[in-house]
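**Q** one predicted model, sequence on top.
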Amino acid sequence: MHAQVKIASLAMTPWRVDVLATRRTLLQGALVAALAPPLARAADYPARPIRVIVPYAPGGALDTVARVLGAPLGEALGQSVVTYNRPGGGGLLGMNEAAKASPDGYTLLLDHSGLAYMPGLHANLPFDPVKDFAGVITAVSGSYVLAVNNDLPVKSVADLVKLAKERPLSYGSGGVGAFHHLLGELFNQQFGTRITHVPYRGTLPALNDLVAGHIQMLFADLAPAYPQIQAGNVRALGVTTGQRVSSAPELAPLSEVGAPGFDWAAWQAVAVPGRVSPDIRATLNSAIEAAMGAPDVQKQLVSLQFVPVGKSSPAELDRFVASETERWAKVLQQAGVAGTQ
């Protein structure tokens, strides 16, 4: 009897409770670790092909950059690099898929400024661009061009604004929430117009409909739009950056031809799911920088109206995306479109 009471009393002592609690914590931690996706080791990386998610349809600016970089990046890494187009939702479907991918370094996301402005534009974004992604490197920067259908009787921003206030017009985009869409809304806000938005599943379908006259204007990626401009299939009113593009010097900045203060540059960057190890991010950063440093790659990117960057560190890109996210939230609030999607 006394022995049993002594044992029962021992089981209730504080140190015994602490030991049991510690064991439970360790077991829970082990279970969580077992269920979590395994992190790849940098020493073994890469051991199989890598896919690059492009959250837009083939033929657009992102798709073009991904395919230019694919082969040289594969050579630098010693593995195949496959471009995987995942259009829809103005880029949301592809971004969300990349955010939820296994953090092993075998799924990359090539995306643009949307990664920073989408939190301010969407009321219920399925991912956090700062927490759910880790930066690898900024690839290129570039401009968009305001192009109109040839049958539209306008030759300047002033003409376009005047016509838009006299009759219904429509502008296209690569999807709801895409940069083309945002530029159109900023244009409406600046000039007090109500040009109707028509979303497409990528830049190329929107550009094709601009040529055909189904829409009247488009803030298009310069890479696919420039050949159409040179061929005379559409008319360019100006570029969205405050400075001229060196490979298309004849196109004036919109800020100089009737849209003061309209200065918006786009950037494209490579990111990975947020839990990818720093070592693998560093490996990818070095490989992409090496691939982009090749003279033929530089030549291709410049000929496609891009400005090659390819030298930012993962930490620098993380800080840049965080600052851009904060900046765009204020811009969208001022434009009256915050949380509208």
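**A** Great, that's in hand. Everything quoted here is computed from the prediction, not taken from an experiment. Residues are numbered from 1 along each chain as shown.

**Q** could you confirm I137 falls within a strand?
**A** Yes: for I137, which was evaluated using DSSP: H, G, I helix; E, B strand; the rest coil, the result is membership in a strand.

**Q** what about it, how many neighbours?
**A** A count of neighbours around I137, defined by other Cβ atoms under 10 Å, yields 23. Using the backbone N, CA and C atoms, a C-beta is placed for each residue, glycine as well.

**Q** then P49?
**A** 12.

**Q** repeat that for L284.
**A** Neighbours of L284 under the rule other Cβ under 10 Å: 25.

**Q** so it makes contact with G105?
**A** Yes: with contact defined as Cβ atoms under 8 Å, L284 reaches G105; the gap is 6.8 Å.

**Q** what do those two both touch?
**A** Residues touching both L284 and G105 (Cβ atoms under 8 Å, 6 or more residues apart in numbering) are V272.

**Q** walk me through the domains of this structure.
**A** Using automatic domain parsing, the domain parsing of the chain gives 2-35, 42-142+267-335, 144-256.

**Q** next one: the last one to chain centre, how far?
**A** Spelled out, that is domain 144-256. 20 Å (Cα atoms, centre = their mean, to the nearest Å).

**Q** quick one: end-to-end length of that domain, please.
**A** The first and final residues of domain 144-256 sit 15 Å from each other (Cα to Cα, to the nearest Å).

**Q** show me where the stretch 51-200 of the chain has its helices.
**A** Secondary structure of the stretch 51-200 of the chain (DSSP state H, counting those that start in this stretch): helices located at 61-77, 92-99, 114-121, 157-164, 179-191.

**Q** packing partners of the last one?
**A** Right, helix 179-191. helix 114-121, strand 144-149, strand 170-173, strand 196-199, strand 217-221, helix 314-335 (3 or more Cβ pairs under 8 Å, 6 or more residues apart in numbering; DSSP states H and E).

**Q** avg pLDDT for it?
**A** Averaged over helix 179-191, pLDDT sits at 88.

**Q** export that helix as PDB, just CAs?
**A** Output for helix 179-191, consisting of C-alpha atoms alone and laid out as PDB, is shown next (Å, rounded to 0.1, in the frame of the first residue of the first chain):
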ATOM      1  CA  PHE A 179       0.000  44.500 -65.600                       C
ATOM      2  CA  HIS A 180      -1.800  45.400 -68.900                       C
ATOM      3  CA  HIS A 181      -5.100  45.600 -66.900                       C
ATOM      4  CA  LEU A 182      -3.600  47.700 -64.200                       C
ATOM      5  CA  LEU A 183      -2.100  50.200 -66.700                       C
ATOM      6  CA  GLY A 184      -5.500  50.500 -68.300                       C
ATOM      7  CA  GLU A 185      -7.100  51.300 -65.000                       C
ATOM      8  CA  LEU A 186      -4.400  53.900 -64.100                       C
ATOM      9  CA  PHE A 187      -5.000  55.500 -67.500                       C
ATOM     10  CA  ASN A 188      -8.700  55.700 -66.900                       C
ATOM     11  CA  GLN A 189      -8.100  57.200 -63.500                       C
ATOM     12  CA  GLN A 190      -5.600  59.800 -64.700                       C
ATOM     13  CA  PHE A 191      -7.800  61.000 -67.600                       C
END
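
**Q** next, the angle helix 61-77 makes with that helix.
**A** Note on geometry: by axes from the mean of the first three to the mean of the last three Cα atoms, to 10 degrees, helix 179-191 and helix 61-77 are set 140 degrees apart in direction.

**Q** can you check the third one too?
**A** Angular relation of helix 114-121 and helix 61-77 on a 0 to 180 degree scale: 140 degrees, by the same axes, to 10 degrees.

**Q** and the fourth one, by the same measure?
**A** If you take the same axes, to 10 degrees, helix 157-164 sits at 130 degrees to helix 61-77.

**Q** got the angle between helix 157-164 and strand 144-149?
**A** Here the directions of helix 157-164 and strand 144-149 differ by 50 degrees (the same axes, to 10 degrees).

**Q** what about the protein, any weak spots by pLDDT?
**A** By pLDDT under 70, the weakly predicted segments of the chain are 1-43.

**Q** go again using 50 as the cut-off
**A** Where the chain drops to pLDDT under 50, the residues are 1-40.

**Q** quick one on the thing from earlier: P273: which of the helices of the stretch 51-200 of the chain is closest?
**A** Distance to P273, taken as Cβ to Cβ, is lowest for helix 92-99 among these, at 6.2 Å.
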